[in-house]
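1. the following comprises the amino acid sequence and a computationally predicted model.
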Amino acid sequence: MATQTASTSGFDWAYVPARPGWARRMARLARHHPAGVFGLLVLVVFVVLGLFGEHLAPYPPDELSVGTPLEGPSLAHPAGLNNLGQDVFSRIVAGARISLIISFTAVFLGAGSGAFLGILGGYFGRWIDYIVQRSGEAFAAFPGLVLFLMLRTAFGPNLKTIIISIGIGALFGGNRILRGQTIIERNQIYVEAARAVGCSEWRIFLRHIIPNLLPLVVVIMSGAIGAAILAESALAFLGLGPTEASWGRDMSGSNLTYARSGYWHVVVFPGIAISLVVLGSNLLGDALRDIWDPRLRK
Amino acid sequence: MRQYALRRLSYVPLIVAVVSILTFFTLRLPFATDPVTQYTNQNTTKEQEEAIRAELGLDKPVLEQFVVWIGDVLRGDLGETFRSGQPVWPEIQRRWPVNLEILLLSVGFSTIFGIAFGVITAVRQNSPVDYGFRVFAVFGQSIPDFFLLILLIVLPSIWWNYSPPVGGHVSFFEDPWTNLRLYLPPTILLGIGGAASMMRLTRSTLLEVFRQDYMRTARAKGLAGRDVVVAHGLRNSLIPIVTLLGGHVTALFFGSLILEQVFSINGLGQFFLVSAATSDFPVVQFLVLYSAVVIMTMNLLIDLSYALIDPRVKYS
Amino acid sequence: MERDNYWTRRVARRRVLGGAGTVALGASAWALAGCGDDDDDNGNGGDQTSGPGVNPGTQTPPTPTAAGEVIKKDGTLNLRQGAIYASINPYSGLDSGLLWGFTIFDHLWYTPLDTGIRENFLAASIEQQDPLHFTVKLQDSVFHAKAPANGRAVKASDVKASLESAAKQTKISNSSWWTQIFDHIETPDDKTVNFILKKVDAWGFSSTNGGSPIASSILPEEIAKDPTFMDKDLVGSGRFQFVSHENGANFKLKRHEKWRVSGEPYLANQNYKLIQEQAAALAAFSAKEIDTLALTNKLEREDLEKKHGKDIVVDSVDSRAVWLVQTRGDGAFADERVRRAIYLALDRKEMITLMALGEGKMSGPVPPAFGESLSAADIEATYGKSDVAQAKQLLTQSGFDTSKEYSIKYIVPGDPYQQFAQIVKSQLEKNLGLKIKLIGEDFGKWLSQSLYGSDYDSFITYPTLAYDDPSSYIGAYGKTIGGRPNWAGYVDDELDGLVTKQKEILDDKERRAAVQALQKRAFEKAAPFIPTIIRVTNDATWAYVKGRVVGRGSYGLFNGKVYVDKG
């Protein structure tokens, strides 16, 4: 909606007060949605850690014997040490990188293209829609884990595999919702009006449909980040993930065995890290949904 | 409606065929892991290697292997595992009850908790109870399943020096107490985790329903609050709930694997993982097929159930 | 999960009975289940020729019990089984093959690892007329009183059928001895077995080869000709008779009343309980539901010792898997100084602290469990030496390019593999200033491509198999290994010659000296296979289990004098 100021012509149709500035609107939103703000902050911290983590960590995450192995949390090592004498806190900070890469790439590539396909299919219908829908069903029959294992056999246990499989999951996940919403949108009055005025289908699609659906896409993506991190950490936990250090991986294997013997700190702190980031993503997604479309409130 | 059902059913073999072909050929890609390496060591000669390859049936051209395998499966012969040469089917039969039990218990708990909490929070909208449960729900959806299960094992041993029993499987019918002692704690925990999404969905659909005119009519008619909610509200929310339930079951294919892992239970999930890791093709091929069939059937049943639940739903 | 492939099979002799297999994928090491490498015992450190009370070539008397003790012959030994056996058929499942080999079946001879000197079991005598022939005369012995053998005498034809059948099994004839050396058997009469060999191999009697507890198990002829019988039931002539099982678990064995050593075994029964999770096994051990348990780390040992004090006996057990750092032998690493620098830059003490929580030992190419290994002093002087300053010097002298990024390839999944690779990376980066990245690969690809196919650019780290004879460890130094070119691209005629020669020395003492000389020579030449450490684990047993043979590894499992005296 365009900002309207008081009319400059002689007419005084109605007085519409000026909309408050951008900053004040943001502040008001923040006040109404504290949880969303929290979520946003968490995600921002996550991104920062993911990008610069290796430099921000107090100890090099892979360096061995920085203290007594398996020592519990202390001032020097807030999350304690694991059995190789590595600082758990530093590993958490550095582990953000992998989670960041995987989740963001998978979500933007996956959910992004899925959303686009959904919108395309929903708007133009016919064979595009048909293909996308049938593929979605076929994919649904293929348990995600199986797809992942197949890809892993083919491409090896590395980042590429996990990004592709989570991306495909995200693709079909966002697809249906967008499609449904697109169908609703295209039946709105303004679309007919635009056609009546002579706009081409493509123009309507690009100038009106997509911008109107963008908020929904963002909402889906922010929720998908959390889901991607859950998926990725679960796979890492099972030992199937990439070999780089990651939160899920730090909770499995011998760390888990030591945790069972009483060294809980080696697994609990990475678990908290995962939960926090996913929580942030969920809260942000919920808040965005509340703001942009109360109809979609869960 | 019957036509719709038949049409959907006809997709099943098609998709199952696609899935099994994809799996079969991906496993045998030239750059994929060669199962023969699992059985060789540094002293194995080329001839011994070839003998092993022939024994596993991997020396024939891939297409021929596929035809043989499909023929066997259709006849009911699921082949033998590479690892031990023992037939696959009895192994699956032995492990299958484990997953069934995990599935029933987990999905049962998540549905019961989810719907119950959803009803409570919808009826007491905006009360402290509502906020409390919603906070719980958001947390529940954020904490990874495996973390919850790990906490279940690790925390009691720290606090109370107590470990929940792990490992092994005793059939419910043989020894209900031991069986439940093993399965209840983790499935309740998994159920609570899954309840979060069910709760949110129930709550929102119920709130939608409450806003409808016919609910006001019902209340005006003098029906008591609880009756109104249950009789009218829930029934109309059933469709999304059933859909979500289907989603939970699918998710449990994966979720139970983690439970099996953390608790050392010998279920199908563990069997699948181990076989995938050791390139035990017959097992992997069959389990993929099996899960595809199960999921597709379940989705079909759910879609068909819409018509039963809501008479307005018609299928062309 | 006990990952069952050849690479790991050798793993669980005692582990099989003490039972440390776990079910979880990725939750424990692959082969080294619970980091459970094979445990063959040599708690006695330095002495390399024989432990106390060991007379090479003769049976070892069990741990002496108190004077005047009455031997109870009605006891039941409860053991733990770590994983479900896919099949009870010893020809299909190596876990079952090992377990039955030590209990249900008898063998002609057995070669304990610590002495390396063959001891006769069913064989009354073994005479070697020439390197390609030897004759075994059988003692009297009968099979279990079960169909189809029904307690009849063990004949030479049974031995012939068993061994020739085993040789044909692709999955268990795990050494090339059975296919490349062993030719066939002739049986001139019921008590004479003549072995005819194709080539000379001085290690023929070892438990990798002709003395394999799996392959050399003596079956009744009827079963040997149709091994699928063993999918359902087992009949042998060993100390114990198979009674029952539940789907590959919870085995029950009972005493073979007509065992060839009369009066033995003292135990009336053996029961195997399936307990997959280590925590549950510890609880069962404390509750005396099982009588012995293999421990996976120091914490468990300390915990049990605290709980039970003098009522339990803890034996320490040397692993036979040696953790190796393998560089290349060609290209930038062809220069001996480069490889020597790597030798000197590794800090084995830190490895022991981190990998094994302090419970480990330094090792040469042949680990301390074997009589042929180097003495502890020799290891300290050679393979165990760490001198960072000299390492750096050598590296600069050789002109090695430290600006390039090098890589370490290791196996995934499996924590110990990754941890070892991480430790090596950290040490090389810190001590030599190298830039190293870690590359994890799935086992299949790692084994066939990166290791056998020598497809790695600088480093590859792994634990060796827990072999049963020293020859397998030093085989790596030859120009070809198992018909494939040397895995490190290392070609050295002298070492290759030494490897070939020792295989043909039939005299045990001479051969031992040759193996030790080879190890020292390999060090002098800075061969690209750098052994570092072995882990030492522990077994806990209740003190009421008496008469055990300790300190001799799997040889101690052939013991009919164990009994249980609960007072």
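-> Nice, I can see it. Numbers count the residues shown, from 1 in each chain, chains lettered A, B, ... in the order given.
2. phi, psi of residue C:479?
-> Backbone torsions of residue C:479, given as degrees, to the nearest 10, read phi -70, psi -30.
3. how about stretch C:295-309: buried residues?
-> Buried positions in stretch C:295-309, judged by neighbour count with 16 or more other C-beta atoms under 10 Å in any protein chain shown: C:295, C:296, C:297, C:299, C:300, C:301, C:304, C:308. Where you see a C-beta, it was placed from the backbone N, CA and C, and this is true even at glycine.
4. swap that for stretch C:496-513, sorry
-> Buried positions in stretch C:496-513, judged by neighbour count with 16+ other C-beta under 10 Å: C:496, C:498, C:499, C:502, C:503, C:505, C:508, C:511, C:512.
5. for the residue nearest to residue C:492 when sequence neighbours are not counted, give me the pLDDT.
-> Distance criterion C-beta to C-beta, 6 or more residues apart in numbering or on different chains; nearest residue to residue C:492, sequence neighbours excluded, is residue C:525 at 6.4 Å. Looking at residue C:525, its pLDDT reads 92.
6. what's the answer for residue C:262, then?
-> In the predicted model, residue C:262 carries a pLDDT score of 87.
7. how about the one 10 residues further on?
-> As predicted, residue C:272 sits at a pLDDT of 93.
8. can I assume it sits in a helix?
-> No - read with DSSP: H, G, I helix; E, B strand; the rest coil, residue C:272 is strand and lies in no helix.
9. residues contacting it?
-> C:19, C:79, C:80, C:81, C:99, C:249, C:250, C:251, C:252, C:253 (C-beta atoms under 8 Å, 6 or more residues apart in numbering or on different chains).
10. ok so the fifth one is a helix residue?
-> Yes - counting by three-state DSSP, residue C:99 falls inside a helix.
11. what's the burial count for it?
-> The criterion is other C-beta atoms under 10 Å in any protein chain shown. On that basis, residue C:99 has 27 neighbouring residues.
12. go on, the second one?
-> Counted with other C-beta under 10 Å, the burial measure for residue C:79 works out to 19 neighbours.
13. sorry, back to before: which of the contacts of residue C:272 tops the neighbour count?
-> Sorting those by how many neighbours each has (other C-beta under 10 Å) puts residue C:19 first, at 30 neighbours.
14. where does pLDDT dip in the stretch 51-200 of chain A?
-> The stretch 51-200 of chain A contains residues with pLDDT under 70 at A:141, A:143, A:154, A:174.
15. and if we set it to 90?
-> Applying pLDDT under 90 to the stretch 51-200 of chain A flags residues A:51-91, A:93-200.
16. repeat for chain B
-> B:1-104, B:110, B:113-316.
17. let's see it at 70
-> Counting by pLDDT under 70, chain B shows low-confidence ranges at B:1, B:41-44, B:161-168, B:213-215, B:223-231, B:254, B:311-316.
18. which residues in it form helices?
-> Remark: helices assigned in chain B by DSSP state H are B:2-27, B:46-55, B:62-75, B:88-123, B:128-142, B:145-159, B:176-211, B:213-220, B:225-227, B:235-263, B:268-277, B:281-309.
19. just name the most buried of the ones you listed.
-> helix B:268-277 (a mean of 24; mean count of other C-beta atoms under 10 Å in any protein chain shown).
20. that helix vs chain A: in contact?
-> Yes - for helix B:268-277, a contact with chain A is found by C-beta under 8 Å from any C-beta of the partner chain, at B:273, B:276.
21. now for residue A:129, how many residues are close by?
-> Neighbours of residue A:129 (other C-beta under 10 Å): 19.
22. same deal with residue C:145?
-> That count, for residue C:145 with other C-beta under 10 Å as the rule, works out to 14.
23. helix/strand/coil for the nearest residue to it once chain neighbours are set aside?
-> The spatial neighbour of residue C:145 that comes closest, neighbours along the chain excluded (C-beta to C-beta, 6+ apart), is residue C:151 at 4.0 Å. Each residue gets one of three states, and residue C:151 gets coil by three-state DSSP.
24. am I right that residue C:216 is in a helix?
-> No - assessed with three-state DSSP, residue C:216 is coil; it does not lie in a helix.
25. I figured it hits residue C:166, correct?
-> Yes - using C-beta atoms under 8 Å, residue C:216 is in contact with residue C:166, at 7.1 Å.
26. which helix or strand contains the residue of the stretch 101-250 of chain A found nearest chain C?
-> Nearest residue of the stretch 101-250 of chain A to chain C, counting by C-beta to the nearest C-beta: residue A:239, 2.4 Å away. If you go by DSSP states H and E, residue A:239 is not part of any helix or strand.
27. ok, it to residue B:260 distance?
-> For residue A:239, the distance to residue B:260 (C-beta to C-beta, to the nearest Å) stands at 14 Å.
28. ok so, going back, which of the buried residues of stretch C:295-309 sits closest to residue C:116?
-> residue C:295 (27.7 Å; C-beta to C-beta).
29. give me the phi and psi for the closest residue in space to that closest one that isn't next to it in sequence.
-> Using C-beta to C-beta, 6+ apart and skipping residues adjacent in sequence, the residue nearest residue C:295 is residue C:538, 4.6 Å away. Main-chain torsions, residue C:538, degrees, to the nearest 10: phi -130, psi 150.
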